[in-house]
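Turn this into a structure:
(one chain, ligands or ions: 1)
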Amino acid sequence: VSRIAAAFKPAVLAALLLTGAASALAQTPAAMLVVDAWIAAAPPTARHNAAYLTLKNGPRKDTLLAVSTPVAETAEIHEVSKADGLTRMQRRASIELAPNQELSFAPGGRHIMLINLRQPLPAGTQVPLALKFRHAGTIRVQAEVRPLPVDSLPAHDHHDHEHHAH
Ligand SMILES: [Cu+2]
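Below you'll find the model as predicted:
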């Protein structure tokens with residue numbers, strides 16, 4: 001019996017080591033994940049649109065510094081604030097993320113403003129976005145243009161963007 005046990009031991013040990021190595025690899029946290037990137041389809045005449053996504057930071061604090069896309073002249077980080085019954089969008093030069101923070105950009109709130117579109121973005125289009133982070137570097141994702149029924153559009157639209165001072 002002890003002979004069999006002795007014969008099995010190295011194999012079991014090797015298996016444990018392999019399992020350990022595999023799970024260590026699987027658990028290595030990404031510096032930053034950018035997930036669920038999408039854009040709501042807008043009329044082909046729209047000059048601006050907004051992209052939404054979720055950032056999942058790794059174990060280190062990081063900062064979103066800039067966003068760019070080939071489909072628009074400029075992409076800006078915008079936040080929405082409400083004061084005196086008015087909804088305003090404000091440009092943010094950057095956004096800080098705490099370690100392991102998850103931050104959502106969603107309709108009615110934070111968004112990536114795509115200013116002066118170079119082309120219409122019909123539903124189904126994949127729009128490349130490049131997000132530049134201080135530590136994670138540049139992360140490229142595809143934002144899918146999703147069809148939205150007109151009456152489900154968020155209450156805030158983007159025609160007041162002419163007021164932005166850059
Ligand atoms: Cu905006």
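
List the buried residues in the lengthiest strand in the chain.
Longest strand in the chain, counting residues (DSSP state E): strand 72-83. By neighbour count on 16 or more other Cβ atoms under 10 Å, the buried set for strand 72-83 is 72, 75, 76, 77, 78. C-beta here means a position set from N, CA and C on the backbone, and glycine is covered the same way.

Export those to a markdown table and append columns for pLDDT.
As requested, the buried residues of strand 72-83 are exported to a markdown table (pLDDT from 0 to 100):
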| residue | pLDDT |
| --- | --- |
| 72 | 98 |
| 75 | 98 |
| 76 | 98 |
| 77 | 98 |
| 78 | 97 |
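
of those, closest to the ion?
The ion has its nearest neighbour among those in residue 78, at 3.7 Å by Cβ to the ion.

in its sheet, what does the longest strand of the chain sit against?
As defined by DSSP bridges, the strand partners of strand 72-83 come to strand 86-92 (antiparallel), strand 111-117 (antiparallel).

Which elements pack onto the helix or strand just after the last one?
Right, strand 111-117. Downstream of strand 111-117, the first helix or strand assigned by DSSP states H and E is strand 126-133. When contacts are defined as 3 or more Cβ pairs under 8 Å, 6 or more residues apart in numbering; DSSP states H and E, strand 126-133 sits against strand 32-40, strand 49-57, strand 62-68, strand 137-146.

Dump those to TSV, plus mean pLDDT.
Output for the helices and strands packed on strand 126-133, formatted as TSV (pLDDT from 0 to 100):
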stretch	mean pLDDT
strand 32-40	97
strand 49-57	98
strand 62-68	98
strand 137-146	97
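
now, which of the buried residues of strand 72-83 sits nearest residue 114?
If you rank these by distance to residue 114 using Cβ to Cβ, residue 72 comes first, at 3.9 Å.

so what pLDDT did the nearest residue to the closest one once chain neighbours are set aside get?
Leaving aside its sequence neighbours, residue 72 sits nearest to residue 114 (Cβ to Cβ, 6 or more residues apart in numbering; 3.9 Å). pLDDT for residue 114: 98.
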